[in-house]
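Peer 1: Provided below for reference: sequence and predicted model.
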Amino acid sequence: MTRTRTYLLCLLIATSVLITVIQVIRWSGKSGAERAQQEFLGHFTKRHWKKCHSMVAVNYSDTWHLERKQLSLLMQDFSRQFIIAPRVGWQTISMTKKNKSFEIKGIISFGEGSGPASGLILSEIGSYTAEPFSFRWKHSSIMPWSWRLESIEHPTLELPSGYFPGRSRLLTVPF
């Protein structure tokens with residue numbers, strides 16, 4: 001091996017190690033959980049359902065007794081009501097570490113979406129956005145960015161009676 005190749009190989013290894021260290025620092029602890037929160041909401045806004053789904057833990061649970069797949073379908077049902085997806089805003093109120101998870105409490109807001117019933121939907125949702133949502137995130141593997149959403153909680157939000165996530169896709173209107 002020539003001296004030039006040896007230097008290039010060392011440079012490549014050093015660059016790889018530096019990039020890995022930077023990613024570990026960016027995605028560790030509280031900052032990693034906050035970054036995962038923002039990424040999840042960004043995927044929701046852009047309607048990247050597979051990316052949202054992959055960020056939800058397999059053992060996901062919440063106060064509405066939804067499972068991972070049902071949460072994904074609920075997000076799609078909500079977004080389907082808009083021609084242009086609403087902008088999602090998030091303001092963190094507090095973050096606490098519980099066991100190996102981080103609980104992020106904050107206020108979520110929706111705006112600028114358009115569709116036939118968007119005004120009604122956004123005004124109805126507005127009554128729930130005054131109370132904070134709690135998202136619980138847990139780092140799930142050796143990869144620095146592998147955060148998974150374990151649960152979402154809200155003190156007053158209730159799903160409509162008889163609602164089952166994904167059912168709205170099955171409804172058709174006969175002409």
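Peer 2: Done, it's in.
Peer 1: Tell me which residue is most central in the chain.
Peer 2: Phe40 (2.5 Å; CA atoms, centre = their mean).
Peer 1: hang on, that residue in a helix?
Peer 2: Yes - according to DSSP: H, G, I helix; E, B strand; the rest coil, Phe40 belongs to a helix.
Peer 1: residues in contact with it?
Peer 2: By CB atoms under 8 Å, 6 or more residues apart in numbering, the contact set of Phe40 is 52, 55, 135, 149. Glycine gets a C-beta too; all of them are placed from N, C-alpha and C.
Peer 1: make it 10 Å
Peer 2: Applying CB atoms under 10 Å, 6 or more residues apart in numbering to Phe40 gives the contacts 48, 51-52, 55-56, 88, 90, 135, 137, 147-149.
Peer 1: Contact partners for Gly119?
Peer 2: With the criterion set at CB under 10 Å, 6+ apart, Gly119 makes contact with Gly113.
Peer 1: how much space between the residue nearest to the centre of the chain and Val56?
Peer 2: Distance from Phe40 to Val56, counting by CB to CB, to the nearest Å: 8 Å.
Peer 1: likewise Ile93?
Peer 2: 22 Å.
Peer 1: and what of Thr129?
Peer 2: 21 Å.
Peer 1: So these two - more neighbours on which side?
Peer 2: Val56 (20 against 16; other CB atoms under 10 Å).
Peer 1: from what I can see that one touches Leu149, true?
Peer 2: Yes - at 4.9 Å, Val56 counts as touching Leu149 under the criterion of CB atoms under 10 Å.
Peer 1: where do the contact lists of those two overlap?
Peer 2: Joint contacts of Val56 and Leu149 (CB under 10 Å, 6+ apart) are 40, 68, 71.
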